[in-house]
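>>> coords please:
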Amino acid sequence: MKNKSFIKIAGIAVLIIAFFIIVSSCYTVHTNETALLIRLGKIQAVQKNTGLHVHTPFIEDITTVYCGDRLYDIPVSDVITSDKKSMIADNYVIWSVNDAVKYYQTLGAIRGRAEERIGAAVFNATKNIISSMTQDEIIAARGNTLTNRITDESNSDISQYGIVIELAEIKALDLPDDNKAAVYERMISERNNIASGYRAKGQAEAKKIMNETDKQVSITKANAEKEAAKLEAEGEAEYMKILSDAYRNEDKADFYNYLRGLDSLEAMTGNDKTLILDKDSEYARILYGN
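Residues are numbered from 1 along each chain as shown. Prediction:
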């Protein structure tokens, strides 16, 4: 009975050990990961394929390196422009591992060490670029221009570590509190001068347009008056022709004289006047039809 119990216990122990060995010999590589198989401190193999893999337990160690994008918010720092103005730069970085072997050999695949190197590289790049520009140039160039320059210069310092900076951007570039007011006043004054220039140019253009419009109006008015005078002259000529035709016929001439006489009487009397005429006067004869 004792032998059977011992055999049973030994069998269970063997199974447990076998299970432990099998579990220890398996490892998993996830998406955006690289596994390093290390034996006695040296890299023996690199596994980039995702899924379940096997290695020699107790002899080989597995170090998994995440190679996807990481975000690192760099502490703010003071920088000096070429015209000796102090500014406060607040950067952030998106970085990743592009060579897991170098990353392990130089930094032990430790994220904290990598971000220390990245922070120093980005600070030096920011300081060098800012110090080569005046404060006004920096304010005018904020955006992609500074971002690209800082990213490129930072990468040249950290390529030896197997890491790459995808983006190094200044999220805030501010002025120290003691000289903000002076800078803002100067900026406001410059913008006001620019606005005054635009207003003066606009007023000059408006005056030019008004003068041109007045000229066109004068020309149009003169042409209209000339055309009116021409039409009036033509009307007078037609009128005189009608008169001439009227006087050329005796009956028409008498009728015309009769109408002219009536018009003359109407002009003399108006609406509220009484006219006393001698029966032998010209107007009396007109009224009587003589």
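>>> Now for Leu37, how many residues are close by?
19 (other C-beta atoms under 10 Å). Glycine gets a C-beta too; all of them are placed from N, C-alpha and C.
>>> isn't it right up against Gln44?
Yes: with contact defined as C-beta atoms under 8 Å, Leu37 counts as touching Gln44 (4.8 Å).
>>> Touching both of those two, which residues are there?
Glu60 (C-beta atoms under 8 Å, 6 or more residues apart in numbering).
>>> Just list the residues touching the nearest residue to Lys48 once chain neighbours are set aside, thanks.
Distances taken as C-beta to C-beta, 6 or more residues apart in numbering put Thr34 closest to Lys48, at 5.2 Å, once the chain neighbours are dropped. By C-beta under 8 Å, 6+ apart, Thr34 lies in contact with 46-48, 64-65, 67, 97, 100.
>>> in the helix or strand where Thr34 lies, what's buried?
Element membership for Thr34 (DSSP states H and E) is strand 33-39. Going by neighbour count (16 or more other C-beta atoms under 10 Å), the buried part of strand 33-39 is 33-38.
>>> swap in stretch 101-112?
103-104, 106-107, 109.
>>> just how off-centre is it within its chain?
41 Å (C-alpha atoms, centre = their mean, to the nearest Å).
>>> Now it: average pLDDT?
Confidence over stretch 101-112 (mean pLDDT, whole number) is 91.
>>> first vs last residue of that stretch, how far apart are they?
17 Å (C-alpha to C-alpha, to the nearest Å).
>>> Contacts for it, please.
With C-beta under 8 Å, 6+ apart, stretch 101-112 has contacts from 36, 38, 43, 46, 63, 65, 70, 97, 100, 113-114, 117, 160-163.
>>> Please repeat the previous calculation with a cut-off of 10 Å.
34, 36, 38, 42-43, 46, 63-67, 70, 72, 95, 97, 99-100, 113-117, 158-163 (C-beta atoms under 10 Å, 6 or more residues apart in numbering).
>>> What ranges does the stretch 101-250 of the chain have for its helices?
111-131, 135-141, 144-158, 177-248, 250-269 (DSSP state H, counting those that start in this stretch).
>>> where in the stretch 151-290 of the chain is pLDDT low?
177-184, 186, 243-290 (pLDDT under 70).
>>> One more pass at 50, please.
Across the stretch 151-290 of the chain, nothing is flagged by pLDDT under 50.
>>> So which bits of the helix or strand containing Ala89 are buried?
Under the criterion of DSSP H and E, Ala89 resides in strand 86-97. Judged by neighbour count using 16+ other C-beta under 10 Å, the buried positions of strand 86-97 are 87, 89, 91, 93, 95, 97.
>>> out of everything not next to it in sequence, what's closest to Ile158?
That would be Ala121: by C-beta to C-beta, 6+ apart, it lies 4.9 Å from Ile158.
>>> That neighbour contacts Asp152, correct?
No: using C-beta atoms under 10 Å, Ala121 is not in contact with Asp152, being 11.2 Å away.
>>> separation between Asp78 and Gly108?
From Asp78 across to Gly108, the span is 31 Å (C-beta to C-beta, to the nearest Å).
>>> my bad, should have said Gly235
From Gly235 to Gly108 the distance is 110 Å (C-beta to C-beta).
>>> what two of the buried residues of strand 86-97 have the greatest distance between them?
Maximum pairwise distance among the buried residues of strand 86-97 (C-beta to C-beta): 31.9 Å, between Met87 and Val97.
>>> need the contacts of Thr34 in a markdown table with secondary structure, can you?
Below are the contacts of Thr34 laid out as a markdown table (DSSP: H, G, I helix; E, B strand; the rest coil):
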| residue | secondary structure |
| --- | --- |
| Val46 | strand |
| Gln47 | strand |
| Lys48 | coil |
| Thr64 | strand |
| Val65 | strand |
| Cys67 | coil |
| Val97 | strand |
| Ala100 | helix |
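>>> Make TSV out of the residues you listed and add distance to Lys230.
Listed next are the contacts of Thr34 as TSV, based on distance: C-beta to C-beta, whole Å:
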residue	distance to Lys230
Val46	101
Gln47	102
Lys48	97
Thr64	101
Val65	98
Cys67	92
Val97	93
Ala100	97
